[in-house]
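1. following is a predicted model, sequence given first.
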Amino acid sequence: MVDHPDKYDYSRAQVPGPLTQEMEARKLEKKRAQKAQRKQREQQLPGAGGAEPSLCSQRALAAEQRLAVQLQDAGSTLANISRCWHCGESLLGRIPFHYLDFSFCSTACLQTHRRARAGHT
Ligand SMILES: [Zn+2]
């Protein structure tokens with residue numbers, strides 16, 4: 001069709017594609033769902049009727065989803081970047097030594113940090 005756009009009368013061929021009953025039903029269901037959604041949105045936003053209220057709520061929804069993803073990312077990042085409080089060594093794959101809220105790669109780091117803190121106070 002791309003190579004020979006005028007060779008055949010494509011519209012006259014009328015190839016409708018596989019349109020089954022199931023597809024028709026699904027189409028109808030989708031339409032019904034969209035209708036219900038629109039109705040819901042209209043109820044949620046009384047008088048907010050700008051030109052495209054559905055677009056607004058879609059944008060809000062997208063922002064919400066983005067935020068959720070960001071929160072998820074932040075959570076996993078925080079978990080991933082736990083490091084030794086003294087030397088900064090990554091604690092990934094290690095069993096860290098804990099002291100109060102701090103984690104350390106080794107007892108040496110823990111003791112050094114504890115001594116430093118004790119010196120400050
Ligand atoms: Zn360390």
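-> Thanks, I have the structure now. Numbers count the residues shown, from 1 in each chain.

2. look up how far residue 55 lies from residue 66.
-> As defined by C-beta to C-beta, to the nearest Å, residue 66 lies at a distance of 16 Å from residue 55. Using the backbone N, CA and C atoms, a C-beta is placed for each residue, glycine as well.

3. repeat for residue 115
-> Remark: distance between residue 115 and residue 55 (C-beta to C-beta) = 61 Å.

4. likewise for residue 69?
-> Separation of residue 69 from residue 55 (C-beta to C-beta): 21 Å.

5. again with residue 4
-> Taking C-beta to C-beta as the measure, residue 4 falls 41 Å from residue 55.

6. same check, this time on residue 117
-> Residue 117 sits 55 Å away from residue 55, going by C-beta to C-beta.

7. please apply the same query to residue 35.
-> For residue 35, the distance to residue 55 equals 17 Å [C-beta to C-beta].

8. same thing with residue 12?
-> 39 Å.

9. for the helix or strand in which residue 29 is found, what is the distance to the chain centroid?
-> Residue 29 belongs to helix 21-44 when elements are defined using DSSP states H and E. Relative to its chain's centre, helix 21-44 lies at 25 Å (C-alpha atoms, centre = their mean, to the nearest Å).

10. mean confidence for that helix?
-> Helix 21-44 comes out with an average pLDDT of 85.

11. and that helix, what other elements does it pack with?
-> With contacts defined as 3 or more C-beta pairs under 8 Å, 6 or more residues apart in numbering; DSSP states H and E, the secondary structure elements packing on helix 21-44 are helix 53-80.

12. after the helix it packs on, which helix or strand is next?
-> Scanning forward in sequence from helix 53-80 by DSSP H and E, the next helix or strand is strand 97-99.

13. so what strands line up beside that next one?
-> When sheet partners are counted by DSSP bridges, strand 97-99 sits next to strand 102-104 (antiparallel).

14. for the following helix or strand past the strand it pairs with, packing partners?
-> Going down the chain from strand 102-104, the next helix or strand is helix 107-120, by DSSP H and E. For helix 107-120, the helices and strands in contact under the criterion 3+ C-beta pairs under 8 Å, 6+ apart are strand 97-99, strand 102-104.

15. alright, calling it a day.
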